[in-house]
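# how would this look folded up:
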Amino acid sequence: MLVPAIQLSPLQHHLLREMDLCDLPAPDTAPESYAARDLDTDEVRDALPGLLWSGLVEQRGGDHGTLRLTPLGAATLREAERDELTARLSAVASFADTVSRGAPPRLAGHALRRLAEGTWTLEQAESYVRTG
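Reported below is the predicted structural model:
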């Protein structure tokens, strides 16, 4: 199945990840469900029409029904996650060049861990190793 290239915002990515775990109630019916997932119900309400229109999410039972991820939404989420992991792996490989130039092992290990976790960018990891 070809997945159309859809660029997800951080909010959309977070929301789709949560819906991948389980269906969610409409934001107006259970705002506490969104708060528990560190999602702002007003932001979700604003993003929802676009997600519904694009076919990434479907709502069953009308405006107060359940929100669920569609197969297209799941494929788009997987593609976004793949792209994120590909970029992270590329950054780790680039960082190996920095380490091969004689970076202190303790600093390099810490920076590599943060880079692999996605906590730091390549630039942050390289700067940490350079400046200590």
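# spit out the contact partners of Gln124.
The contact partners of Gln124, by CB atoms under 8 Å, 6 or more residues apart in numbering, come to Ala111, Arg114, Leu115. Placement of C-beta: from N, CA and C, glycine included.
# which of the helices or strands spans it?
Assigned by DSSP states H and E, Gln124 falls within helix 122-131.
# buried residues in that helix, which are they?
By 16 or more other CB atoms under 10 Å, the buried positions in helix 122-131 come out as Leu122, Ala125, Glu126, Tyr128, Val129.
# and those residues, which is closest to Leu69?
Leu122 (31.3 Å; CB to CB).
# spit out the contact partners of that closest one.
Here Leu122 is in contact with Ala91, Ser94, Phe95, Leu115 (criterion: CB under 8 Å, 6+ apart).
# that one and Ala116, how far apart?
Leu122 is 11 Å from Ala116, where distance means CB to CB, to the nearest Å.
# likewise Ala74?
Relative to Ala116, and taking CB to CB, Ala74 is found at 25 Å.
# what residues of whichever strand or helix holds Arg45 count as buried?
Assigned by DSSP H and E, Arg45 belongs to helix 41-54. Within helix 41-54, the residues scored as buried using 16+ other CB under 10 Å are Thr41, Val44, Ala47, Leu48, Leu51.
# burial count for Thr86?
Thr86: 10 surrounding residues under other CB atoms under 10 Å.
# equivalent analysis for the one 10 residues further on, please.
Summarising burial for Ala96: neighbours were counted as other CB under 10 Å, giving 11.
# circling back to that earlier point, which elements pack onto the helix holding Arg45?
In this structure, helix 41-54 makes packing contacts with helix 10-21, helix 31-35, strand 57-60, judged by 3 or more CB pairs under 8 Å, 6 or more residues apart in numbering; DSSP states H and E.
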